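>>> Could you work out the structure for the sequence below:
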Amino acid sequence: MSTQSFEIPAEFRDFAEKSVDQARNAFGTFLNGAVKTSEQLRSSASTVQSTLHAAVLKSLDHAKANAETTFDYAQRVVRAKDPREAFEIQSEFLKTQFAALQAQAKEYGALAQSAAR
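As a prediction, this is how the structure comes out:
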């Protein structure tokens, strides 16, 4: 019994990589605009606005980190040579993201406690 190996065509990989790059660039443009808007909010800051500003910037930092991780993951998956490698990449990604979300939740908790004081 012969086993055939599954290989992703190079054209599909190229197309997928370009798509990931375009999405990464579009998201970066969106984030830059969001950060600029957030900075404008800060100019009229009060204590509440200052805390809100910190929360918004923290959210944007988390969104950027999560997006970068996801784009990196997508590129790694597109470059996978076979389904086994893709599954390993998926497993690693899920573990990493779960840990990151836990850390981010702790940061939001600390920010909420700080705002309550």
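
>>> where does the chain dip in pLDDT?
Applying pLDDT under 70 to the chain picks out residues 1-3, 41-49, 115-117.

>>> Okay, helices next: where are they in it?
Shown for the chain, the helices assigned by DSSP state H span residues 10-42, 47-78, 83-116.

>>> Does the second one pack against any helices or strands, and if so which?
Of the remaining helices and strands, those touching helix 47-78 by 3 or more CB pairs under 8 Å, 6 or more residues apart in numbering; DSSP states H and E are helix 10-42, helix 83-116. Every C-beta, even on glycine, is put in place using the N, C-alpha and C of the backbone.

>>> Quick one: closest of the helices of the chain to residue 4.
helix 83-116 (12.2 Å; CB to CB).

>>> Please state the offset of the closest one from the chain centre?
10 Å (CA atoms, centre = their mean, to the nearest Å).

>>> List the buried residues for that helix?
86, 89, 93, 104 (16 or more other CB atoms under 10 Å).

>>> Residue 74 is nearest to which of the helices and strands packed on helix 47-78?
Ranking those by proximity to residue 74 (CB to CB) places helix 10-42 first, at 4.8 Å.

>>> what angle do that closest one and helix 47-78 make?
Angle, helix 10-42 to helix 47-78, by axes from the mean of the first three to the mean of the last three CA atoms, to 10 degrees: 170 degrees.
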